[in-house]
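Q: Okay, sequence plus prediction incoming.
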Amino acid sequence: MHTAVEKLIRPHYRTLQGYVSAGMESDKSAQKIFLNANENPYTLPGLDGFNRYPEPQPKALRDAYSALYGAPADNIIMTRGADEAIAVLTKLFCEPEKDAILICPPTFGMYKVNATTMPSNTISVPLLKQGGSYALDVAGMSARIDDAKLIFICSPNNPTGTSFAADDILNIIQQSEGRAMVVLDETYIEMAEADSFASILCNHPNLIILRTLSKSYAMAGMRMGSMLCGDADLAALIRTKGLDAYPLPVASIDAALHVTSPDILPIARANIATLIAARKTMEEALKQSDEVTHVYPSDANFLLVEMKRPDDFLKACAAQNIIIRDFSSKPDTPNCIRLSIGTEAQNQAVLNILANF
Ligand SMILES: Cc1ncc(COP(=O)(O)O)c(C=O)c1O
């Protein structure tokens, strides 16, 4: 493992003996009689295959992700959603009561929640408001690198939708080498004009990219995420010491293989293009309303919208059974709501409420 990475991992993980599951020891593709995992041999009607524990990290799926994300299979770890990846990384790098993560609010709440459960500290370096959008405070982040084990950069960012300047992200990754790990959350990257950092992953041992099938590939219910590690040895360590014994359910593995197949991928990609077009249409339409004071430019499948009367608008939507996320009570997004992009009819229903508001 790269020494710069090794020294950042919590010390006991270097020597820890991970759990060796029956699934790790046996090749399920072989025609053998498996009596090693206390599984039930009698399958139930319509539930074939579910009596067996899943392969912990199936090679076929890792190869499919490798092709999808453009990263070497050895550098990929598959998790139950990007959420599990965040939890695993926090557990691996943050010593309770001692270490800290760095976040750039307003951003995804899960980073801080995981740090708090360790409990570890959370250092906040708020985003800078710049020309109606947001930017990373590179100077502010640089000043705190040595105080943090994990630096979370979410780009495109939830809830603002912002893609941060690639140069700024790279600057933080380069400065942090040997000092902190950078976790670049690319959960919404397929909706963005910006390119994924996966193409330069292997140049940066301290970089970990989070990806998911939840959003762009319409698989939120299957909980299929992944981490792409710049250091393949770190990926190997996480696979053997950082994950649950069987992190991926059988049905989720099958569904992910289906989504990444040549039959389905073009359909998913067409849907992504539809959502991007709809986001642009919604952004323009919302800007026309007197009730809307600002629509933040978004590279994701949602819009952060600042309104004159967010509470009343949310109530009017709820009365029509349309549920929108309220961010107005959060100090760093006053008067804002976050609206996911839906189907054409769903988006129109929101615009109709706004027009009659
Ligand atoms: C920025 C960000 N990261 C991670 C996640 C979690 O994604 P997953 O469904 O893969 O756990 C979300 C979900 O909303 C998110 O917005």
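A: Sure, I can see it.

Q: from here on, contacts and neighbour counts on C-alpha atoms
A: Noted.

Q: for the ligand, what are the nearby residues on the stretch 201-350 of the chain?
A: Within the stretch 201-350 of the chain, the positions lying close to the ligand (Cα under 6 Å from any ligand atom) are Thr212, Ser214, Ala220, Arg223, Gly225.

Q: which residues does the first one bridge with?
A: The reference is to Thr212. Going by DSSP bridges, Thr212 is paired in beta bridges with Gly225.

Q: That one contacts Thr187, doesn't it?
A: Yes - the criterion here is Cα atoms under 8 Å, and Thr212 meets it with Thr187 at 5.7 Å.

Q: Secondary structure element holding Asp63?
A: Per DSSP states H and E: Asp63 is located in helix 59-69.

Q: and that helix, which residues are buried?
A: Leu61, Arg62, Asp63, Ala64, Tyr65, Ser66, Tyr69 (16 or more other Cα atoms under 10 Å).

Q: Name the residues contacting each of Thr212 and Thr187.
A: Residues touching both Thr212 and Thr187 (Cα atoms under 8 Å, 6 or more residues apart in numbering): Ala82.

Q: per the record, what domains does this protein have?
A: Segmentation of the chain into domains, based on automatic domain parsing, reads 3-21+56-259, 265-355.

Q: can I get these in CSV with mean pLDDT and distance to Leu47?
A: As requested, those are arranged in CSV below (pLDDT from 0 to 100; distance: least, Cα to Cα, whole Å):
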stretch, mean pLDDT, distance to Leu47
domain 3-21+56-259, 97, 10
domain 265-355, 98, 26
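
Q: Out of the ones you listed, which is the most enclosed?
A: Counting by mean count of other Cα atoms under 10 Å, domain 3-21+56-259 has the highest mean neighbour count of the domains of the chain, with a mean of 19.

Q: ok now that domain, how far from the chain's centre?
A: 7 Å (Cα atoms, centre = their mean, to the nearest Å).

Q: Between its first and last residues, how far does stretch 214-231 reach?
A: With Cα to Cα, to the nearest Å as the measure, stretch 214-231 spans 25 Å from end to end.

Q: Got the phi and psi for the closest residue in space to Glu344 that isn't next to it in sequence?
A: Once flanking residues are discounted, Glu344 sits nearest to Ala278: 7.2 Å by Cα to Cα, 6 or more residues apart in numbering. Backbone geometry at Ala278, expressed as degrees, to the nearest 10, gives phi -70, psi -40.

Q: My guess is Ala278 contacts Gln346. True?
A: No - if you go by Cα under 8 Å, Ala278 and Gln346 don't touch, sitting 10.8 Å apart.

Q: For Glu25, report the pLDDT, please.
A: On pLDDT, Glu25 comes in at 68.

Q: Against Ala270, how distant is the residue nearest to Glu344?
A: Ala278 is 12 Å from Ala270, by Cα to Cα.

Q: Quick check: the gap between Ala245 and Ser21.
A: Distance from Ala245 to Ser21, by Cα to Cα: 6 Å.

Q: do the same with Phe50
A: From Phe50 to Ser21 the distance is 17 Å (Cα to Cα).

Q: Then Leu89?
A: For Leu89 relative to Ser21 (Cα to Cα), the value is 21 Å.

Q: got it, and Val250?
A: 16 Å.

Q: same thing with Arg309?
A: 55 Å.

Q: hmm, back to that, just the closest of the residues of the stretch 201-350 of the chain next to the ligand to Asn75, please.
A: Minimum distance to Asn75 across those is 13.9 Å, recorded for Gly225 (Cα to Cα).

Q: ok, that closest one - contacts?
A: Counted by Cα under 8 Å, 6+ apart, Gly225 has contacts 78-85, 210-214.

Q: what's the answer for Phe164, then?
A: Neighbours of Phe164 in contact, by Cα under 8 Å, 6+ apart: Tyr134, Ala135, Leu136, Ser155, Pro156.

Q: Surely the last one and Asp195 touch.
A: Pointing back at Pro156 there. No - with contact defined as Cα under 8 Å, Pro156 does not count as touching Asp195 (10.6 Å).

Q: Overlap in contacts, these two.
A: Residues touching both Pro156 and Asp195 (Cα under 8 Å, 6+ apart) are Ile189.

Q: which residues in the stretch 1-150 of the chain form helices?
A: 3-6, 11-15, 22-25, 59-69, 81-93, 110-117, 138-142 (DSSP state H, counting those that start in this stretch).

Q: Kindly calculate the angle that the fifth one makes with helix 110-117.
A: Interaxial angle, helix 81-93 versus helix 110-117 (axes from the mean of the first three to the mean of the last three Cα atoms, to 10 degrees): 40 degrees.

Q: do stretch 69-78 and the ligand meet at all?
A: No - on the criterion Cα under 6 Å from any ligand atom, stretch 69-78 is out of touch with the ligand, staying 10.5 Å away.

Q: would you put the C-alpha positions of that stretch in CSV?
A: Extracted in CSV, the C-alpha atoms of stretch 69-78 (Å, rounded to 0.1, in the frame of the first residue of the first chain):
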residue,chain,number,x,y,z
TYR,A,69,-16.8,3.8,-14.7
GLY,A,70,-13.5,3.6,-16.6
ALA,A,71,-11.5,2.4,-13.5
PRO,A,72,-9.5,-0.8,-13.1
ALA,A,73,-11.5,-3.6,-11.5
ASP,A,74,-8.8,-4.1,-8.8
ASN,A,75,-9.5,-0.5,-7.6
ILE,A,76,-13.3,-1.0,-7.2
ILE,A,77,-15.2,-1.9,-4.1
MET,A,78,-18.9,-2.6,-4.3
